[in-house]
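Novice: Prediction below, plus the sequence it came from.
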Amino acid sequence: MADNNPTPDTSTAIAAGAPTATAVTAAPPTKPVPPKPAAAKPSAKEPTRRFFLASIFGSWITVAWVAFSASMAAMLLGTLRFMVPNVLSEPPSTFRAGDPTNFELNKVEDKFKDVGAWVIRGRDDRNREIIYALSTTCTHLGCTPNWLESEKKFKCPCHGSGFKITGINFEGPAPRPLERYAIKKADDGQIVVDKSRKFQRELGQWDDADSYILV
Ligand code: FES
């Protein structure tokens with residue numbers, strides 16, 4: 001029986017330049033190979049050992065410098081503070097009380113109580129008319145008495161000591177009279193009180209001419 005599908009003569013086909021089976025089944029075109037990613041460079045932010053050590057030592061040096069600078073500044077300030085003298089602002093110890101004619105006999109005014117004194121025109125033990133300045137400090141424990149016009153006495157609100165207009169104690173626990181301040185007439189005739197000098201009656205100091213002004 002005759003073969004109806006004879007096998008093509010390859011030699012003839014090759015000779016005729018026909019494409020061979022091999023040529024027909026050629027390998028498919030290769031895909032482009034993607035380029036290999038380049039080896040990752042170390043990031044600049046990534047801490048290297050050197051960078052780490054530098055950071056540690058750098059920060060310690062910075063801390064040390066800051067501490068050193070602060071201590072030097074403190075020493076400098078201390079030295080300057082030592083060289084500058086302390087300045088205490090104290091109220092002046094003297095004050096002017098005005099003209100003697102401004103004071104009425106046996107009249108107590110609180111005009112100078114804020115600066116710690118009562119300036120009074122009165123009479124002394126010898127019945128002389130004088131002007132004197134009494135301290136407003138109670139001789140018991142240092143409170144400030146009040147002048148009670150109706151009772152004509154100084155009364156201490158703390159423990160009840162009482163003082164006459166002369167300053168002499170007569171009731172309560174105060175052990176002695178109020179103290180007087182130094183007083184004088186200035187060249188212009190004005191009264192000047194000096195609180196830096198005090199006179200105590202129990203010591204006989206009220207006889208001192210600096211403790212009163214004769215009127
Ligand atoms: S302080 Fe004035 S009576 Fe005590």
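Specialist: Now that the structure is in, tell me what you want to look at.

Novice: Bridge partners for W118, pull those for me.
Specialist: According to DSSP bridges, the residues that bridge with W118 are L134.

Novice: Now do the longest strand along the chain: everything it contacts.
Specialist: Ordering each strand of the chain by length in residues (DSSP state E) puts strand 191-199 first. The contact list for strand 191-199 (C-beta atoms under 8 Å, 6 or more residues apart in numbering) reads 93-100, 112, 115-117, 119, 131, 133, 135, 179-186, 205-206, 208, 210-211, 213. For glycine as for every other residue, the C-beta is placed from the backbone atoms N, C-alpha and C.

Novice: Of those residues, keep whichever come out buried.
Specialist: Among those, the ones that count as buried by 16 or more other C-beta atoms under 10 Å are 95, 97, 100, 112, 116-117, 119, 131, 133, 135, 179-183, 206, 211, 213.

Novice: of all the residues in the protein, which ones are close to the ligand?
Specialist: 138, 140-143, 156, 158-161, 172-174 (C-beta under 6 Å from any ligand atom).

Novice: Please report phi then psi for A67.
Specialist: phi -60, psi -40 (degrees, to the nearest 10).

Novice: measure it to the ligand for me?
Specialist: A67 sits at a distance of 54 Å from the ligand (criterion: C-beta to the nearest ligand atom, to the nearest Å).

Novice: W60 now?
Specialist: From W60 to the ligand the distance is 63 Å (C-beta to the nearest ligand atom).

Novice: Going C-terminal from the helix or strand encompassing that residue, what's the next secondary structure element?
Specialist: Assigned by DSSP states H and E, W60 belongs to helix 49-83. Using DSSP H and E, the next helix or strand after helix 49-83 towards the C-terminus is strand 94-98.

Novice: what comes into contact with that next one?
Specialist: For strand 94-98, contacts defined as C-beta under 8 Å, 6+ apart pick out 111-112, 115, 117, 119, 133, 186, 190-196.

Novice: can you do 6 Å?
Specialist: Strand 94-98 has contacts (C-beta atoms under 6 Å, 6 or more residues apart in numbering) with 115, 119, 190-194.

Novice: What are the buried residues along the longest strand of the chain?
Specialist: Result for strand 191-199 [16+ other C-beta under 10 Å]: buried residues 191-195, 197, 199.

Novice: Over to stretch 132-150?
Specialist: The neighbour-count check on stretch 132-150 (16+ other C-beta under 10 Å) flags 132-140, 145, 147 as buried.

Novice: do the same with stretch 67-77
Specialist: Residues of stretch 67-77 include none that count as buried (16+ other C-beta under 10 Å).

Novice: Send me it as PDB with only the CA atoms.
Specialist: C-alpha atoms of stretch 67-77 as PDB (Å, rounded to 0.1, in the frame of the first residue of the first chain):
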ATOM      1  CA  ALA A  67      31.000  71.200  83.800                       C
ATOM      2  CA  PHE A  68      34.400  72.800  83.900                       C
ATOM      3  CA  SER A  69      33.200  76.100  82.400                       C
ATOM      4  CA  ALA A  70      30.300  76.200  84.800                       C
ATOM      5  CA  SER A  71      32.600  75.600  87.800                       C
ATOM      6  CA  MET A  72      35.000  78.300  86.600                       C
ATOM      7  CA  ALA A  73      32.100  80.700  86.100                       C
ATOM      8  CA  ALA A  74      30.800  79.900  89.700                       C
ATOM      9  CA  MET A  75      34.300  80.500  91.100                       C
ATOM     10  CA  LEU A  76      34.600  83.800  89.200                       C
ATOM     11  CA  LEU A  77      31.200  85.000  90.500                       C
END
